[in-house]
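Enquirer: predicted model and sequence follow; I will ask about them next.
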Number of protein chains: 2
Amino acid sequence: MFEAAELGHKLSKGEYKRIEPKLRADLLDAQFDLSKNGAFPVVILISGVRGAGKGETVNLLNEWMDPRHIHAFAFDNPSDEERERPAMWRYWRALPPKGRIGILFGSWYTAPIIDRVFKRTSGKDLIRSIDEINHFERMLADEGALILKFWFHLSKKRQKKRLRALESDPKTSWRITKRDWDFFELYDRFYRISEETLRRTSSAAAPWIVVEGSDAEYRAVTVGKVLLEALRKRLALKKERRVPKSQAAPIVKPVDRVNMLARMDLELALDRKIYAKKVEKLQSRLALATRHPKFARHDVVCVFEGMDAAGKGGAIRRVTAAVDARLYHTIPVAAPTDEERAQPYLWRFWRHVPRKGRITIYDRSWYGRVLVERIEGFCSEADWMRAYAEINDFEEQLAANGAVVLKFWLQISKEEQLRRFKEREATRFKRFKITAEDWRNREKWSAYQEAAADMIERTSTDRAPWTLIEANDKYHARVKVLSTLVQAIESALGKSW
Amino acid sequence: MFEAAELGHKLSKGEYKRIEPKLRADLLDAQFDLSKNGAFPVVILISGVRGAGKGETVNLLNEWMDPRHIHAFAFDNPSDEERERPAMWRYWRALPPKGRIGILFGSWYTAPIIDRVFKRTSGKDLIRSIDEINHFERMLADEGALILKFWFHLSKKRQKKRLRALESDPKTSWRITKRDWDFFELYDRFYRISEETLRRTSSAAAPWIVVEGSDAEYRAVTVGKVLLEALRKRLALKKERRVPKSQAAPIVKPVDRVNMLARMDLELALDRKIYAKKVEKLQSRLALATRHPKFARHDVVCVFEGMDAAGKGGAIRRVTAAVDARLYHTIPVAAPTDEERAQPYLWRFWRHVPRKGRITIYDRSWYGRVLVERIEGFCSEADWMRAYAEINDFEEQLAANGAVVLKFWLQISKEEQLRRFKEREATRFKRFKITAEDWRNREKWSAYQEAAADMIERTSTDRAPWTLIEANDKYHARVKVLSTLVQAIESALGKSW
């Protein structure tokens, strides 16, 4: 991929002077259209070799366009808040909202490539990282982001020349350190590994554009033109066609309509006295485990899903009652805020990912995408179909970072729901818990059951399994939730804790 | 203040059992009203001596109420992202939005008290901190927050007993370290200093409630009742009366209508060639200064204000053109998002306070409070009158943390504005820059001038001065902005850089 970027491309100053004013005005126009209709975010990655003019080019873009609607982020060493979360968390934080341009220096490509260059990882690790990146970028693209990835290249000879030039100019000499020269020694290896990475991650939705970095005018105009053309093309699309939809594979429905939810034994129940004893014991184990010094190295993500009145709130309270209030946050999932609506749908969950030693409990979650959004048609079939894989990717990252990930589906029968609805309406105190919407959702009972069964089948993984909770009897349900959670945390802490 | 909390208050288990169910139901009800109407946030501080049941009480509150609408935060050591900003930044991050309850353990009181106990600060420092806290809490209260500050107290004898008990129970012994006993040695000093602090910071709007911590039932019911009563009282107020307004002092208008804006010499101008040379020189100084390794220890906050078409955008671009795009963010101030509207008005500016080595440029700013909001009546007179002091407090904190704070007022004449409006309307390219609102604002020219003059007079401080920019001539304006900024940064870097 790099050969074409070693041809010594250049643009004369005269050419540049002729092209620049119009390019600049056009870019500003396109940017204005983008902010005005706010239809999609623009994610620009800037990568490549040292000394190839990455910083200079971005500065120029900022000068050409309205810097108030561009945010540039540099990713050096992660902060401690970032280190305690999955590696992608810091990039999610920096994603531009719709209508804005985000320029990321040193993106999610840096660590996989550099780690491999220094042999801190294996070839297999690199392939895995590439796979994860492809998933992530496809998700971004499916969510509507315009993604442009620029790689600034210099031939070995030119890079050496450039580093020497920077070093000998007193104004820039401090920018070149021994580390740069050490890295230069690895040029060939870096070339090979980055070329492989680029080849495997260049897609129609997130293409790499390799730019020869030796001539300032050439690289500036190249980047400017690519950006302009991409903006114009996307802005010209009708709004509904802007998001390239993945092809949806049909979901096969079991012809006998038997699924694992239908097979659950909802008669399971516990006597009140036994319940009280068990809960006390489990809560005390949970209290001890979460207060143990070793717990500071772990984090827990809990998801509660289920039909209305399935007892999610009650189960959550039996958990939180045992945990120090300083250690957990409960996130009730309601309508997204406008800042959340301007981002991919997983963004509002990523922002609450816990740091080490903390617990986040989601009362309803990202699974809304494949439940309510699917059923109510808030997103297209292609959108919720791709969500299964996106969700698996998300949870895989949480688990890989050491989180205990638990997902509870609380299942009740249709009759039990009716009983509880009526009970709620009769109790002054619980009346606020029942709304017209609950009754409307109830009419779609079997659609929800079908969607839930699909969801469980497609997103129950080794590292982030679903636990099905028979919830007609609240006592049984709460004990099963607590004991699943306690066992998972204890086992994460290890035997010796 | 502590004597009454050494009387050995207690509540029998029987009493507690009688009171608890009703108290709990009432609290849940009040909390539901609070979330439903979302009219104000509740800020609860939890402080006091070790072993007095702070954690236990908060856990109980969480159990009694709906934990999904309570967020508890513990403030131990600041993260590196927090350490690089003013000390209050981490608390601003944690403020609950309207309709929610935030419980803060180890609040803004911890450092001032502990530092004084260990003699890391002087008595004068403590008084200064107390002063700052009083300002901050008054602002919160004026913005509508319900603030309750609980201090959990134990007599010396009881604390000793409690620490011993924790230490001897294998389940809790790990919680007591040598540090706790070292601190216990300082009990008398801690008593004196915290009592003084509480005395000086207890106000009607943010009262301290001292709770004897030795009896679990007594302290739980006390806190529950205080919270319930406070919630009910505030919820009962008519919405418009909920925010206790400070008394507004009248602004004295100069009877001759001469203010410093009127005295500015708007004829100041620069020849284009001289301008080009000067800008180039200043930009190169700015580029060098912000790229210097020493700059990593500083941060810069720039505010641009001025009438429409005063040239703010153009001046900002001459600044950003010289700075590495990775180092600055420009924040264009538009309508607040709904997350921002649920917070005190300064919140949306606090969230963009730069870390060290970074620059934040606000294109319009918190001064909107005393300009557009004052003039359009978006807030009451009392609100914008108190804003001067609140803004001074905010900027003082930025400066005290080492930020270079610069505020530019770009002044043009009414005729020049008209000329530019017409020019903008005539230029295809600039047409989007002129709206009906701009023409409406123009009709209120003198009101804006008056408000701006008041603003400058009341918020120009040593550490965060206003620079008045004669802006009828864009060249003169840009050069003055750049040279002011360059000099300020260079002087912050010190002579030797």
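Expert: In hand now; what should we look at?
Enquirer: flag the shaky bits of chain A, pLDDT-wise.
Expert: Within chain A, the stretches with pLDDT under 70 are A:238-257, A:428-432, A:495-497.
Enquirer: show me the domain layout of it.
Expert: Listed domain ranges for chain A are A:3-241, A:272-493 (source: automatic domain parsing).
Enquirer: redo the ones you listed as JSON lines? Include mean neighbour count.
Expert: For every residue, glycine as well, the C-beta is placed using N, CA and C. Output for those, formatted as JSON lines (neighbours: other C-beta atoms under 10 Å in any protein chain shown):
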{"stretch": "domain A:3-241", "mean neighbour count": "17"}
{"stretch": "domain A:272-493", "mean neighbour count": "18"}
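Enquirer: ramachandran angles for residue A:172?
Expert: phi -120, psi 0 (degrees, to the nearest 10).
Enquirer: and for residue A:84?
Expert: The phi/psi pair for residue A:84 (degrees, to the nearest 10) is phi -80, psi 0.
Enquirer: and residue A:265, what is it in contact with?
Expert: residue A:470 (C-beta atoms under 8 Å, 6 or more residues apart in numbering or on different chains).
Enquirer: distance of it from residue A:480?
Expert: 12 Å (C-beta to C-beta, to the nearest Å).
Enquirer: who touches both of these two?
Expert: residue A:470.
Enquirer: SS state for residue A:262?
Expert: coil (DSSP: H, G, I helix; E, B strand; the rest coil).
Enquirer: could you dump the domains of chain A to CSV with distance to residue B:159?
Expert: Formatted as CSV, the domains of chain A follow (distance: least, C-beta to C-beta, whole Å):
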stretch, distance to residue B:159
domain A:3-241, 33
domain A:272-493, 21
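Enquirer: how about the ones you listed in TSV, adding distance to chain B?
Expert: Formatted as TSV, these follow (distance: least, C-beta to the nearest C-beta, whole Å):
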stretch	distance to chain B
domain A:3-241	4
domain A:272-493	4
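Enquirer: relative to residue B:291, which of those domains is closest?
Expert: domain A:3-241 (8.0 Å; C-beta to C-beta).
Enquirer: so how far is that closest one from its chain's centroid?
Expert: Put simply, domain A:3-241 sits 20 Å off its chain's centre (C-alpha atoms, centre = their mean, to the nearest Å).
Enquirer: quick one, helices of the stretch 1-150 of chain A?
Expert: Along the stretch 1-150 of chain A, counting by DSSP state H, counting those that start in this stretch, helices occupy A:13-37, A:54-64, A:80-83, A:89-94, A:110-117, A:123-142.
Enquirer: need the ones you listed in CSV with distance to residue B:384, can you?
Expert: As requested, those are arranged in CSV below (distance: least, C-beta to C-beta, whole Å):
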stretch, distance to residue B:384
helix A:13-37, 30
helix A:54-64, 34
helix A:80-83, 35
helix A:89-94, 34
helix A:110-117, 47
helix A:123-142, 43
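Enquirer: quick one, which of those is nearest to residue B:199?
Expert: helix A:80-83 (36.2 Å).
Enquirer: hmm, who's touching the closest one?
Expert: A:89, A:90, A:355, B:79, B:80, B:81.
Enquirer: any idea how far residue A:391 is from the closest residue to residue A:366 other than its chain neighbours?
Expert: Nearest residue to residue A:366 in three dimensions, chain neighbours excluded: residue A:349, at 5.0 Å (C-beta to C-beta, 6 or more residues apart in numbering or on different chains). For residue A:349, the distance to residue A:391 (C-beta to C-beta) stands at 10 Å.
Enquirer: please apply the same query to residue A:468.
Expert: 17 Å.
Enquirer: one step back: overlap in contacts, residue A:349 and residue A:391.
Expert: Common neighbours of residue A:349 and residue A:391 (C-beta under 8 Å, 6+ apart) are residue A:366.
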